[in-house]
Structure formats: C-alpha cells, structure tokens
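> Pasting the sequence and the predicted model now:
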Amino acid sequence: MATTIVTKNSSTASAVPTAAQLVQGELAVNVADKRLYTEDNAGAIVELGTNPSTIDINSGTIDGTTIGASSASTGAFTTLTASGEITANGGIALGDNDKATFGASDDLQIYHNGSNSIITETGTGNLYLGGDNLLLTNGSLSAAYLEAITGGAVNIYHNGSTKLATTATGIDVTGSVTADGLTVSGSVAAGAVLATISNSGANGAAQLYLNNDAQNWIVNTRVDDAFSVFNATSSKTPFLINTNGDISFYEDTGTTAKLTWSAAGEDLNFADNVKATFGAGDDLQIYHDGADSYINDSGVGDLKVGGNQIQLNNAAQTKNYIYAVDGAQVELKYNNALKLATTATGIDVTGTATMDGLTVNGAGDGVKATIGKTGGTNLNIYADTNTVYLAGSPALSTAYIIDQTNNNMQFKVNAAERMRIDSSGNVNLTTANDTAGTSKFLTFGTNSFNRAGIKCTNAATYDGSLEFYTGNASNFAERMRIDSSGNLLVGTTSVISLGKQCIEFDGYSKNGLILKTTNTSMGSAYLGFVNSSGAIIGSINQLSTSTVAYNTSSDQRLKDNIADADDAGSKIDAIQVRQYDWKADGSHQDYGMIAQELQLVAPEAVSGDADSEEMMGVDYSKLVPMLIKEIQSLRNRVAQLEA
C-alpha cells in the first residue's frame, strides 16, 4: 500500500519531537546532532538511524529490534554474533553523556560527561580491574601513575619516579612523607618492630623528620640506644631518653638538663634556677639557685606544711632538726640532741638558753621563772607589784632586789645588803644608811694572781679614806691613799713630821707638796721636766743630804755662736726695782719687779702676755747671768783704779 512520507526537521541540539507532532510513519530529523525519529504503531516516539538508544548484547536487539547473526551491522558495528558479542573493528563512538552500560540494572557505566571520563559501579558489587601487570598511566601511555605486578610490588609514581612501593613486609617510601596524621597499629610479637621511619644521620641513627615552615624537628633513635627529639634548625635537643631509661628536658644549647627523671632511682631532678611552680600565678615555687634551696610562697596566702608527724632532717636523713607531733610536742634539736620541746604548760629547754631578751608574764605574785636542775640548786626569779627578786631559794628576803618604788638596786649576801645602786646612779658598797664602820673592798683579779683593789674605810683612825692596793696573794698591800682630809699619800699610810701632805692646784695654799725619794745617792731626781720630743729640759735633784739643785738645760752641746756677753750696765740701770703690797693678803714686799716693766728690759725673765687675762710671772734666776756680767765689769774697773 502506497504511503506518503512526511519529513520534519529541527536544528536545535537535543530536540526530540513529541507524539502530537508526528503520526505513525512520519520522520523527524534533528540536523544538529544527526538523529532520526518516527512514531510507531503504539503512538510512541522512537529514534532511528546511526545512534540507537538501546543495544542489548545478550538478546541481540537494537531499540528492541532483533538482529540476526548474519545481518549487517548498523552504524559503527561490524558484527553482532549469536552469543551477544560485538566486534567493532572500526571502534565504537558515543557522544557526551552517552553511556555504555553493563548489567541488568546498568550497574557498570562508562561515559564522558563533556568534562570528565567516568567508569562507575552503581550496584552493590565491586568494580574489578584485572591484569597480571596492571598500569595506570598518562593519556599518551608514556608515564606511569600506578603499577601493579602479580606476585610483586605495587608502585606509585611521581613524575615518573617511584615514591611508594609495597614490599613483603610493608611499604617503602622514597622521599619525605607529609600527612595530617599518622597511625601505626597492629598485632606483633614481643620485641618485633611495628614501624620504622629512618634516615641515615651523622651518627648512623634512625631518624624521623618533622617539618614546618620555621623548624626542622628530628625524632632520633641514636646508636647509643638513646632516644631524643632534636631541632636541626637551632641545633637544640630539648628532650632525651637515655639507655638507662632516664628522661631529660633541655633548653638553650641542649647540653645542660633542666629537668631529669631518673628511672633507676625514680627521682625527678630540676637544674639550678629551674622552678617547680604551683598555682595560677606560680605562687608556690620550689627551686635551687646553685647555692641554696628554696620553698617560696609569693602569693597572698600562707605557706602551709601539714602532717600528723612532721620532721625536718639533714640531707642524709640521719639527724633531726625539728620534730612536730599532732596534739603533742614540737621539738628543736642540735646535732640530733633535744634542746627545746613544747609541753602542755610551756617549753622545756635542755642546756643553756642564750637570748637577747626574756619576757616572763603571769598572774599574781610568786615564782615566774626558774633556772637550774630539777632537784638541785636553782635560780628563781620572782616579781610582785613593785619589786623583782632574784634568789637561789624561795626566801625573798635573801634575794637580789630591783626596787621600782625607790628606783634602786640592792644586792644581798646571807640576807644582808652588801651593795646598792641608788636612783642617782651612785654605787655604794654598803647599805644606804650603814653606820657599822666596816671597811668595803672592791678588788680586781684573783687571790692566786696579781691583782689590785680599792678599799673605803670608816674606821676611827682613817675615817672615810680611800685606799689603793696592788700585789699578789703573798704581797697584797696598800700602795696609795687619799685620806679623809684630802691628803694624797704614796708609799705611806700617815703624814710625816713636816706636816700635812697636800696637792693644791690653786697655787696659794700654805700646805706644800712634799717630794720624797728613797734613793740616797747624790744627784737623784725629785722631779724632772721633759719636752714633747722626750728630751729633759730641767729637773730638781738632790744636791746633798740637806740641799737640792734646780736645774735648767745649759749644756754646751745645745748651743751655737758662743761669745762673750756685752756689758750689762745699761740693762741693769734700766731695771726698775720696786716695793709694793700684795692685794690678796696685804703683805708688803720691799724689793721686787713688775713683770710688764721687766719685759721691756729682760723679756727672757718674764712669762705671760700683758694683753691676756692670765697673770704674768717673773723668773728672777734669769737675771743672775746679767748681774754676774755687771759684777765682773765692776771688778775690772776697780782693779784698774787700784793699779
């Protein structure tokens, strides 16, 4: 039956006609993507031509049409065999997003989506790529990405160079490994190696390099069996575990350990000036500065050391310094011997207590402190409202007394007062009102050696005299005395026949100073005068048993430019000899001189200054040479007249 063929076309890519646009047998051509469509007898749009939408290899159909074993291929197909195989000697060409599918549910799909080529398994099974030598290469097959060899290694490449290869025991990596993390786990026998990351270091050690932009850290298993973490950039080893298991932490050059844990002794050792700190503000610090050790609390709280029993010992733990027991005593020791212990009533001191001060307080009168041995002779200190007592027995009347009422101190022996320091600071070797007339001695030294003493006597003969003693046990005797009249006696205990012995400083006393010598040789000195250089410039010597000589220096060896003196007549004529009365007692003197007048003629015979308030004096002996010279001159003239 003749049929009219109607053809429609479209130049829009991927445009497909609808059933309303075609009737059965009409053709529609899409010239953009070279596709041919028609409407079948069921009113459905089907595609005809070189690109069938469905090829079923198993059933041998194209778009549902069975193709015989010997029928010619359509499009690029050369042969479709009865067993469902396609031989495509000319290749198979599929467009973008056209999929070659395999499996009843199109589980395996091969296609290109316009940007990427995709092989995907969308079912529940596995995707297998098989081959005795399997290669994953670049597009030109010139460079391998991955190579898998049956019974051998799987190699992964970078730019043609092997970087990772499987081995019989694990993997072999060429170059550095960069990873966000590394987990090595597995079950191995004791002593077996679980993982090894190595690089031949300078000492042949196994090393793990850890890098970032600034530092190069090396985990180092050394040839001396030590384990360390080494900073290759700064050449520091902050962490080390040695062959003994000791763990050390370093800083700076890495040569001095700042913190060490000793596996053998289980000790944790901090280097000098490295502090173990506690608290948010490092309030508690424990450290050693190279010389001393410190436990220091620098915060606002207290430093508390607690324990039911606390000991403070020496470094060897063989001697105890302080021992404290909860609810009981606290003990202080010296060289492990107890010296002070607290008791329920106070403290107990063993030995001598030396202190800058002692304050003993208590309520009421009575014994406040006892020093001595229990059961032996004790020193007791008492106190009442106004008086403090210090005694060797409870009898207060025999005690040394500090009397605050009268502000004096009294010292007693056998209940009798022997010395008193009164409120004015006077020291009395007797009571304040002693009238017994007994002598009081103050001595220095002991009876066995040389000693000195001062004795105040109230005896009738020497009432109130002060005696000075020197000597030793066999010859302790009085050497000097100041008697009650004020006489100073040296070497004697009484005045001699010449009268009272007195040293007067007013210059007008009728009582003189007696100088006595026991030396019987002539020329022995009574009194000598020595200048600041130590040279004798004058003396009073014994001239005979009845006379003395008053000497001033006149030795030729002391003088220069010696020559005859000039005539003294004019000077003698100038000297005014006066008579006058003394103002002090009205006594008259017939012949004498006035110091101010004589100073104008013979200044060497005058002492003092006319402008000073001190009285001037005259040494008449200085006029004797002048007089002798004048006598010699007169004798010479007389001799000439007599001739």
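That came through fine.
> can you list the domains in this protein?
129-175, 525-557, 564-642 (automatic domain parsing).
> Can you report how many residues lie near residue 283?
15 (other CB atoms under 10 Å). Every residue, glycine included, has its C-beta placed from N, CA and C.
> That one contacts residue 301, correct?
Yes: with contact defined as CB atoms under 8 Å, residue 283 counts as touching residue 301 (7.0 Å).
> Give me the three-state assignment for residue 635.
Recorded secondary structure, residue 635: helix (DSSP: H, G, I helix; E, B strand; the rest coil).
> nope, residue 573 is what I was after
Quick answer, by three-state DSSP: residue 573 is helix.
> Can you check the pLDDT for it?
For residue 573, the pLDDT comes out at 92.
> got it, and the one 5 residues further on?
Looking at residue 578, its pLDDT reads 95.
> Please apply the same query to the one 3 residues further on.
With respect to pLDDT, residue 581 scores 95.
> State the distance from residue 10 to residue 47.
The gap separating residue 10 from residue 47 is 13 Å, by CB to CB, to the nearest Å.
> Then residue 519?
In terms of CB to CB, residue 519 sits 170 Å off from residue 47.
> One more: residue 379?
Here the criterion is CB to CB. By it, residue 379 lies 134 Å from residue 47.
> These two - which one has more neighbours?
Taking neighbours as other CB under 10 Å, residue 379 and residue 47 compare with residue 47 leading, 16 against 12.
> The more buried one touches residue 36, doesn't it?
Yes: the criterion here is CB under 8 Å, and residue 47 meets it with residue 36 at 6.8 Å.
> which residue ranges form the strands in the stretch 151-300 of the chain?
Counting by DSSP state E, counting those that start in this stretch, the stretch 151-300 of the chain has strands at residues 154-158, 161-166, 171-173, 206-211, 216-221, 227-231, 236-241, 247-250, 257-262, 267-270, 276-278, 284-288, 293-297.
> do the stretch 1-150 of the chain as well
7-10, 27-30, 35-39, 45-48, 55-56, 61-62, 65-66, 79-80, 86-87, 100-102, 108-112, 117-121, 133-137, 144-149.
> Using PDB, write out every CA atom in the longest one.
Below are the C-alpha coordinates for strand 144-149, written out as PDB (Å, rounded to 0.1, in the frame of the first residue of the first chain):
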ATOM      1  CA  ALA A 144      53.000   5.500  34.800                       C
ATOM      2  CA  TYR A 145      51.000   6.700  37.700                       C
ATOM      3  CA  LEU A 146      50.500   3.300  39.300                       C
ATOM      4  CA  GLU A 147      51.900  -0.100  38.500                       C
ATOM      5  CA  ALA A 148      50.700  -3.500  40.000                       C
ATOM      6  CA  ILE A 149      52.600  -6.700  39.300                       C
END
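> and the residue nearest to residue 23 when sequence neighbours are not counted, how many neighbours?
In space, and not counting its chain neighbours, residue 23 is closest to residue 39: 6.1 Å by CB to CB, 6 or more residues apart in numbering. Neighbour count of residue 39, defined by other CB under 10 Å: 21.
> just residue 273 next, same as before
Residue 273: 10 neighbours (other CB under 10 Å).
> shouldn't it be in contact with residue 291?
No: using CB under 8 Å, residue 273 is not in contact with residue 291, being 10.5 Å away.
> mind listing the strands for the stretch 401-550 of the chain?
Assigned by DSSP E, counting those that start in this stretch, the strands in the stretch 401-550 of the chain fall at 408-413, 416-421, 427-428, 440-444, 451-457, 465-471, 477-482, 488-490, 525-530, 536-542, 548-552.
> what's the pLDDT at residue 63?
53.
> go on, the one 10 residues further on?
At residue 73 the predicted local confidence, pLDDT, stands at 41.
> Can you tell me how far residue 480 is from residue 626?
The value you get for residue 480 to residue 626, if CB to CB is used, is 44 Å.
> which of those two has more neighbours?
Neighbour count, other CB under 10 Å: between residue 480 and residue 626, residue 626 has more, with 19 against 15.
> phi, psi of the more buried one?
phi -70, psi -40 (degrees, to the nearest 10).
> again with the one 5 residues further on
Main-chain dihedrals, residue 631, degrees, to the nearest 10: phi -60, psi -40.
> Surely residue 621 is in a strand?
No: per three-state DSSP, residue 621 lies outside any strand segment and is helix.
> For it, grab the count of nearby residues.
10.
> who touches stretch 344-353?
334, 337-342 (CB atoms under 8 Å, 6 or more residues apart in numbering).
> check contacts around residue 537.
529-531, 552-553.
> ok, those residues vs residue 264, which is closest?
Nearest to residue 264 among these is residue 530, at 85.0 Å by CB to CB.
> thought the closest one was touching residue 553?
No: if you go by CB under 8 Å, residue 530 and residue 553 don't touch, sitting 11.0 Å apart.
> For those two, indicate the residue with more neighbours.
Shown here are residue 530 and residue 553; by other CB under 10 Å, residue 553 has more neighbours (14 against 11).
> List the contacts of the nearest residue to residue 592 once chain neighbours are set aside.
Leaving aside its sequence neighbours, residue 592 sits nearest to residue 578 (CB to CB, 6+ apart; 5.8 Å). Neighbour list for residue 578: 591-594, 597 [criterion: CB under 8 Å, 6+ apart].
> And the helices in the stretch 251-400 of the chain?
Assigned by DSSP state H, counting those that start in this stretch, the helices in the stretch 251-400 of the chain number zero.
> Could you list the low-pLDDT ranges of it?
251-255, 258, 263, 265-266, 361-368, 372-377, 385-386, 392-400 (pLDDT under 70).
> same question, the stretch 501-643 of the chain
Looking at the stretch 501-643 of the chain by pLDDT under 70, you get 501-514, 518.
> So what pairs up with the spatially closest residue to residue 9 that is not a sequence neighbour in the strands?
Among residues not flanking residue 9 along the chain, residue 29 sits closest, at 4.5 Å (CB to CB, 6+ apart). Per DSSP bridges, the residues bridged to residue 29 are residue 9, residue 36.
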